[in-house]
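Q: I would like to see how this sequence folds:
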Amino acid sequence: MRRSGDRSSVPALFDIWRVRAVGEWGHASRYVGQRWEVMGLDLLRKNLAGDDVVALLPIIDDPVLQSELAATGSKNPDVVAIFRQNEKYVARSIDLKWSLDVASYLQISAGVLADLFTRVPRLTEDLRTRLPEDLAAVIWSMSDGFFFAPASSMNQRFLTSPENKKQEYPIEPKEVRFATVDPYAFFETLPGWTTARDLARRDGASRGMPVLDNADRYYYLGTGVAGALASLDQSIFDDDIPVDPNREAERLGAFLQTLHPPTTANLIDRLNIIMKHRQELIRELRNLSRGAYSFKDFAEEVVQLGLAPKGESEAAIRRQYGDTYRALIEEQDSENRRLGRGLRAKGLSDGQAVEHLTADRDAIAHRLRVRARALLAVASAAANGPP
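A: Predicted structure coming up:
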């Protein structure tokens, strides 16, 4: 039995992986990442004021360019900049990272950047448009870039941690620039912050919130709790609805009244049970279409229609027809959710609705196979051309 003095029962002392797992109940990483792209880019521009930067291309502001780079399969930077160094010009990748423990050296590698310039000509073209007129035709070389991250204790410790050292390419101190971040300025506009501050107050931790590491932990906990409480009003078949900051305090207060004692540890333990069950149902629902009609099944159809030679690897077929398969599965996933909402309207619970859909797996497989053959027949006709 857990004792009240057990440190592991104090949410502020959870290990970072448990904190993040709770945060994902409310998509905390997504909110933090999106916020850091905005605030981090502003801080980066100020940080670069002392460097001789002649061009700065924020790839994170261009979804089309992001997609083109992602299609190469390479690790992509958030920003590419050209620096003037001793009358020479050097292109470097810059990646905005809130947490360095998820950083990969390949995101700032000179070799990867050179490959991207070769494979995506638009990257060079867009960068040249940002050069001064007198440098429009300048030739640049490539150099390793750097990560731009908040100056949190967690990030600074990571550089000397065993986890970093055991990576194939450990992140070196020279490959990171740190920025001072005001926790309140960063978090106060985000969903979940109201709950985060309430939890900190209940734990007697409010005085520590001006410290970024403390605020970060409580933001993940608060957003996770807010997201879990919001999900209690939703079916797994409904479209995901963002946390409404105006309802956070109301939902938290109402749920705490059901707990004895109403501590943050008990709150998270209770929600953990609820969310585990919910996430299991969501996994079952997501796997339903893929389980009924796997990519292996789809690949066999591709071969039978002569769109790939016998013995062709699944990997090769996926490169050519992966988008077609994904579109097929996404359409069926949408249909499953629609059917699930219909079953809910008849009075079934989420679990009962998932069981009902799973029992209909053979019919789902048949529908997917028929749709796949129709799509691939069109592709076959296009490949073979008119008679």
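Q: Got phi/psi on residue 78?
A: The phi/psi pair for residue 78 (degrees, to the nearest 10) reads phi -90, psi -30.
Q: Pretty sure it sits against residue 96.
A: Yes: Residue 78 is in contact with residue 96 according to Cβ atoms under 8 Å; the separation is 4.7 Å. For the C-beta atoms, the positions are set from N, CA and C on the backbone; glycine is no exception.
Q: hey, what's in contact with both of the two?
A: Counting by Cβ atoms under 8 Å, 6 or more residues apart in numbering, the contacts common to residue 78 and residue 96 are 37, 41, 60.
Q: count of neighbours near the second one?
A: Put plainly, it is residue 41. When neighbours are defined as other Cβ atoms under 10 Å, residue 41 has 18 of them.
Q: Okay, residue 337 and residue 287: tell me how far apart.
A: Look at residue 337 and residue 287: by Cβ to Cβ, to the nearest Å, they are 14 Å apart.
Q: In helices, which of the shared contacts of residue 78 and residue 96 fall?
A: Mapping the shared contacts of residue 78 and residue 96 onto helices (DSSP state H) picks out 37, 41.
Q: Secondary structure element holding the residue nearest to residue 183 when sequence neighbours are not counted?
A: The spatial neighbour of residue 183 that comes closest, neighbours along the chain excluded (Cβ to Cβ, 6 or more residues apart in numbering), is residue 215 at 3.5 Å. In the assignment (DSSP states H and E), residue 215 maps to helix 212-231.
Q: so where's the stretch 151-300 of the chain uncertain?
A: Judged by pLDDT under 70, the stretch 151-300 of the chain has no weakly predicted residues.
Q: Tell me where it has helices.
A: Along the stretch 151-300 of the chain, the stretches classed as helices by DSSP state H, counting those that start in this stretch are 153-158, 162-165, 183-187, 193-202, 212-231, 248-256, 264-292, 295-304.
Q: ok, residue 337 and residue 287, which is more surrounded?
A: The neighbour count for residue 337 versus residue 287, taken as other Cβ under 10 Å, is higher for residue 337 (17 against 11).
Q: Just to check, the more buried one is in contact with residue 237?
A: Yes: counting by Cβ under 8 Å, residue 237 is a contact partner of residue 337 at 4.7 Å.
Q: Mind listing the shared neighbours of these two?
A: Residues touching both residue 337 and residue 237 (Cβ under 8 Å, 6+ apart): residue 285.
Q: Leaving out the residues flanking it, which one is nearest to residue 285?
A: residue 354 (5.8 Å).
Q: wait, I meant residue 379
A: In space, and not counting its chain neighbours, residue 379 is closest to residue 307: 6.2 Å by Cβ to Cβ, 6+ apart.
Q: I appreciate the help and will end here.
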